[in-house]
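Chemist: Fold the following.
(2 chains)
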Amino acid sequence: MRKRVGGIFLVVCSLVAAGVVYADLKKGFYTPAKLGSLQQAAPIEQLPDSSYEASAYPAPTADLAPGDGVQDVQIYCNTCHSPRYITMQPPLPAATWEAEVNKMDKTFGAGIPEESKQKIISYLRAHYTAENRKQ
Amino acid sequence: MQLTGRWLSRRGALKILGAASGGLAVSRWLGPNATIARPSHGAQGGQEPAEKAIEPFTGPGPNPYWNSVGPYVTEPQKVPLILLTDRPVQLETPRHYFRTVFTPNEAFFVRWHLEGIPNAVDLKTWKLQIEGNVNKPLALSLPDLMQKFKPVSLAAVNQCSGNSRSRLQPRVPGGQWGNGAMGNAMWTGVRLRELLDMAGVKSGSLMVQFQGLETGVGPAGLGSNLFLKSLDYSSPVLDECVVAYLMNGEPLPMLNGFPVRLVVPGYFSTYWTKCLTWIRVLNAPDENFWVKTAYRVPDTLRGNTTPEDVKAGTVKTVPIGRLPVRSFLISPDGSSKIPAGMPVTLRGIAFSGFGRVNRVEVSDDGGKIWTAAKLGEDHGAYSFRVWQAEWTGKSPGRYSLAVRATDEKGNTQPDEPVWNPGGYLWNRIERQEIVVGNAS
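Modeler: Numbering: from 1, shown residues only, chains lettered A, B, ... in the order given. As a prediction, the model looks like this:
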């Protein structure tokens, strides 16, 4: 009995001491993750032949702003590059977007029908300038 | 006891005291598991603010971060890198990989122009072709390259023309790189000149064109179909070029140009053709899009111009060339507060495409007073040069650490920004805010 009381006394003293020493520490706080985790890729099987391979390159979907013309963007801009080429850009002036679409069409030969081209330009101007870009 | 926590408010301190006196955490304070954090707060969540994701784009002001702001992505043969675009692939190297003079292959930045990037190369059929205005066209296998020529190794920085494009004001379209579209490697391979000599270049040759395995879906003859780059046949850099089959002593990752890529020491990456397969000697100027129209810079001091002059059509351009002198502070990176009076080591890298870096200076007042940093080992004129300097933030406050380099030709980094429509040649003095806190 005396031994147990002594033990409890010791524990309480230690707790108080610990509380004093670490009074200005904070620890042990966790939170449900808001940042996405990233999966590891499994090693690919390799054979000692003459072919040297890399897995398919991942193309995660880029979120385009919803709105009129987004389907034309998905059809025509997606031919040579993923829509991330749009979402990666900073907000750009309306005239710059028009010039970009014309460059894709004329210089790079995207062959976008005129009607779709105008819709794509309107879409980019409506969602990706400094005045209206949200995402 | 391992200190896993951060400094705390009074309220938090009381909380810990309360928990301790309540005897709830006895084993964790005193027992063998003392370093294990208490899970209760986390499991319930919400009591403490979590780290937030970075906003997915920057602008219209300059990108304020060292790197670009895309998510991390896992790509074949790579550690997680910062995604700019997925198809074609453009990946940026995070800042901390520049702590070493040689950038690891698996962390080396990636930039392709066209979506047809090789997923596999069969070395039974792959041959490096040397053709065009030559006496004897060649088709060399990888064993030919490794065995028939004397291997040469050189350290060289590969930097994207648009590295740091996200700094420009006004912003320009293109890959919105932070500072991580660069890397330094030890490249081993065959001298381009030896290959050209073996093929026998005929007189009247004007350019040498390089083509890799990358292809696009655009119409033939346009820039969306093939990525072709050329160097002037009269350029002295041809004698320094290496067709590299080793990168830091290892085969090249597919995304960095397996089986061989062209190394053009001192020049921007655009000339460093990946998966190099055709070397074509031309007896006429190369007029393809990637030479005649793209990757050109104003023929002015530092390639600087204005949107007004571009609009007026008065800007004469030349193909982009050598890397202007640059330097970076890599650590500390501002993610941690530094206690006043604590001596820390500033570390970074510097390079120039015009000659070796022979001076790096640091400033802790934003660039008014400069102090020389200590340079690390010299790996050659075209390599990164690491530098370090001891620094103590004597009193609490916000310090603007700046770094500038000078190369042996006397080029020093300027403090003025640069602007051109391509977003090329950024080399302004870099700054990093460091917060020094009270130490007691």
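Chemist: hmm, who's touching the helix or strand residue B:390 falls within?
Modeler: Residue B:390 is part of strand B:385-392 when elements are defined by DSSP states H and E. The contact list for strand B:385-392 (CB atoms under 8 Å, 6 or more residues apart in numbering or on different chains) reads B:100-101, B:327, B:341-351, B:356-357, B:360, B:362, B:364, B:371-379, B:401, B:403. For the C-beta atoms, the positions are set from N, CA and C on the backbone; glycine is no exception.
Chemist: Residue of chain A closest to chain B, please.
Modeler: In chain A, the residue found nearest to chain B is residue A:30; the distance is 2.1 Å by CB to the nearest CB.
Chemist: Would you mind measuring from that residue to residue A:84?
Modeler: 32 Å (CB to CB, to the nearest Å).
Chemist: Show me which of the two is the more surrounded one.
Modeler: Taking neighbours as other CB atoms under 10 Å in any protein chain shown, residue A:30 and residue A:84 compare with residue A:84 leading, 21 against 17.
Chemist: what about stretch B:425-440, average pLDDT?
Modeler: With pLDDT averaged residue by residue, stretch B:425-440 scores 98.
Chemist: which residues does residue B:74 contact?
Modeler: With contacts defined as CB under 8 Å, 6+ apart, residue B:74 is in contact with A:38-41, A:58, B:80.
Chemist: Helix or strand next in line after the strand holding residue B:390, which one?
Modeler: strand B:397-407.
Chemist: Which strands and helices lie in contact with that next one?
Modeler: Using 3 or more CB pairs under 8 Å, 6 or more residues apart in numbering or on different chains; DSSP states H and E, the elements in contact with strand B:397-407 are strand B:326-331, strand B:343-351, strand B:357-363, strand B:430-437.
Chemist: tell me the angle of that strand relative to strand B:357-363?
Modeler: Relative orientation of strand B:397-407 with respect to strand B:357-363: 170 degrees, computed using axes from the mean of the first three to the mean of the last three CA atoms, to 10 degrees.
Chemist: For residue B:205, give me its contacts.
Modeler: With contacts defined as CB under 8 Å, 6+ apart, residue B:205 is in contact with B:133, B:233, B:281-283.
Chemist: SS state for it?
Modeler: Reducing the assignment at residue B:205 to three states with DSSP: H, G, I helix; E, B strand; the rest coil gives coil.
Chemist: Please report how far it lies from chain A.
Modeler: Shown here: residue B:205 relative to chain A, a distance of 29 Å by CB to the nearest CB, to the nearest Å.
Chemist: Do a quick rundown of the strands in the stretch 151-300 of chain B.
Modeler: Secondary structure of the stretch 151-300 of chain B by DSSP state E, counting those that start in this stretch: the strands cover B:152-159, B:182-191, B:207-215, B:226-232, B:242-247, B:261-263, B:278-282, B:296-298.
Chemist: How is chain B partitioned into domains?
Modeler: Structural domains annotated on chain B: B:10-44, B:81-294, B:326-437, as defined by automatic domain parsing.
Chemist: Kindly report the residues of the stretch 51-200 of chain B close to chain A.
Modeler: Taking CB under 8 Å from any CB of the partner chain as the measure of proximity, the stretch 51-200 of chain B contacts chain A at B:51-53, B:56-60, B:63, B:70-77, B:80, B:83-89, B:114-115, B:117-124, B:166, B:171, B:173, B:175-176.
Chemist: Select only the buried ones of the residues you listed in ChimeraX?
Modeler: Those of these that count as buried under 16 or more other CB atoms under 10 Å in any protein chain shown are selected in ChimeraX with:
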select /B:57,58,59,63,70,73,75,76,77,80,83,84,85,86,87,88,89,114,115,117,118,121,166,171,173,175,176
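Chemist: quick one: which of the residues of the stretch 51-200 of chain B next to chain A sit in strands?
Modeler: With strands identified by DSSP state E, the entries of these that belong to them are B:72-73, B:83-85, B:120-122.
Chemist: which one of these is nearest residue B:186?
Modeler: residue B:121 (22.2 Å; CB to CB).
Chemist: where's that closest one relative to residue B:352, distance?
Modeler: Counting by CB to CB, the separation of residue B:121 from residue B:352 is 34 Å.
Chemist: do the same with residue B:313
Modeler: On the measure of CB to CB, residue B:313 and residue B:352 end up 32 Å apart.
Chemist: wait, what's in contact with residue A:134?
Modeler: When contacts are counted by CB under 8 Å, 6+ apart, residue A:134 is found next to A:65, A:127.
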